[in-house]
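Undergrad: Sharing a model prediction with you, sequence too.
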Amino acid sequence: MNNHLVTVSKENFVAMVEISNPPANTLSSACIAQLRSIFDSLSNDEDTRAIVLTGAGRFFIAGADIKEFVSALGKEDQGLMMAAAGQALCDEIEAMNKPVIAAINGPALGGGLEVVMSCHYRIASESAILGLPELKLGLLPTFGGTQRLTQMTNTAIAMDLILTSKQLTSEEALHLGIIQAVVPQEEVRQRAIDKAKSFIDGKSMTSVTRTIECIMKGNKEPIQAGLERERKKFAELFITEDAKEGIQAFIEKRKPQFIHS
């Protein structure tokens, strides 16, 4: 599948989504639209059970396409449209019912880091840098950066990183919990693919999708609401064929043969 700015390849139920918008893989309005279309398609694709998102070349995503800002300056409605499109992309990635792993092969700045934070798991190369430099442009992070960074760290850390426009090394981002693993540059993609496979191999997608929903939605609501959803999803699984198969396979000491329903 080739959408000009974004390409998709699939192998063993893992879809590789690669942004290719040289020279720095900026999030132009066209690139955002293509990514949204692709994630929507993959969410309903039975041959895709996990997704790896990465960038072509030296960059993951350098940020939004600043050139597009020039013609929009002085037009508040244009600013709202740009912010809404970027937020919608990140919200849709975060709400995916299949695991999404960011393979951060290079700089992830501005909107790039905001996309990273919307993914479910994040692996970065040793040389990657991450940051939200929008204040240097007289703007602010608007694809969800002020909110997700605060949720991942705390208000003081988010305030510090955003107001100083500090660029983090991958090791610093790991220490703060923004990413989960740092690996050599040449291993980023394969390690992300391996992680994706570990999330789905031997699992029923009926339980994987419900688990992701419980974790991601529960992170944004009071614990009692999250516990109620957890009970409901557990009960839903009790009437699935895969639950019957999984329990029977455990009793019989064999590998389950899930049909994902």
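TA: Arrived safely, thanks for sending. Numbers count the residues shown, from 1 in each chain.

Undergrad: what helix or strand does residue 140 sit in?
TA: Taking DSSP states H and E as the definition, residue 140 sits outside all helices and strands.

Undergrad: Also residue 212?
TA: Per DSSP H and E: residue 212 is located in helix 205-218.

Undergrad: what mean pLDDT would you report for that helix?
TA: Averaged over helix 205-218, pLDDT sits at 97.

Undergrad: can you pull the contacts of residue 51?
TA: The contact partners of residue 51, taken as CB atoms under 8 Å, 6 or more residues apart in numbering, are 14-15, 17, 39, 42, 96, 98-101, 196. The C-beta positions use only the backbone N, C-alpha and C, and glycine is treated the same way.

Undergrad: part of a helix, is residue 96?
TA: No - applying DSSP: H, G, I helix; E, B strand; the rest coil, one finds residue 96 to be coil, outside a helix.

Undergrad: Cross-check the contact I'm expecting between it and residue 43.
TA: Yes - using CB atoms under 8 Å, residue 96 is in contact with residue 43, at 5.9 Å.

Undergrad: Pull out the buried positions in stretch 234-254.
TA: In terms of neighbour count (16 or more other CB atoms under 10 Å), stretch 234-254 has its buried residues at 237, 240, 242-243, 246.

Undergrad: So which of those sit within helices?
TA: Those of the buried residues of stretch 234-254 mapping onto helices are 237, 242-243, 246, per DSSP state H.

Undergrad: for the helix holding residue 212, packing partners?
TA: Counting contacts by 3 or more CB pairs under 8 Å, 6 or more residues apart in numbering; DSSP states H and E, helix 205-218 is packed against helix 223-237, helix 241-252.

Undergrad: Just tell me which of the ones you listed ends up closest to residue 214.
TA: Proximity to residue 214 (CB to CB) singles out helix 223-237 among these, at 5.2 Å.

Undergrad: secondary structure element for residue 122?
TA: In this assignment (DSSP H and E), residue 122 forms part of strand 121-125.

Undergrad: thought residue 42 was touching residue 50?
TA: No - with contacts counted by CB under 8 Å, residue 42 stays clear of residue 50, the gap being 9.7 Å.

Undergrad: So these two - more neighbours on which side?
TA: Per other CB atoms under 10 Å, whichever of residue 42 and residue 50 has more neighbours is residue 50, with 27 against 21.

Undergrad: If we ignore the residues flanking it in sequence, what's nearest the most centrally placed residue in the chain?
TA: Among the residues of the chain, the one closest to the centroid is residue 119, at 1.6 Å (CA atoms, centre = their mean). Nearest non-adjacent residue to residue 119, counting by CB to CB, 6 or more residues apart in numbering: residue 102, 4.0 Å away.

Undergrad: swap in residue 149?
TA: Once flanking residues are discounted, residue 149 sits nearest to residue 158: 4.4 Å by CB to CB, 6+ apart.

Undergrad: and that neighbour, that's in a helix?
TA: Yes - applying three-state DSSP, one finds residue 158 inside a helix.

Undergrad: Can you find the helix or strand in this structure with the smallest mean pLDDT?
TA: In the chain, the helix or strand scored least confidently by mean pLDDT, DSSP states H and E is helix 67-72, which has a mean of 85.

Undergrad: Mind giving me the packing neighbours of it?
TA: Looks like helix 67-72 contacts helix 76-94 (3+ CB pairs under 8 Å, 6+ apart).

Undergrad: Can you list the strands that the helix or strand following the helix it packs on pairs with?
TA: For helix 76-94, the following helix or strand on the C-terminal side (DSSP H and E) is strand 100-104. Applying DSSP bridges, strand 100-104 is found paired with strand 50-55 (parallel), strand 121-125 (parallel).

Undergrad: Residue 143 is nearest to which of those strands?
TA: Closest among those, using CB to CB: strand 50-55, at 14.3 Å.
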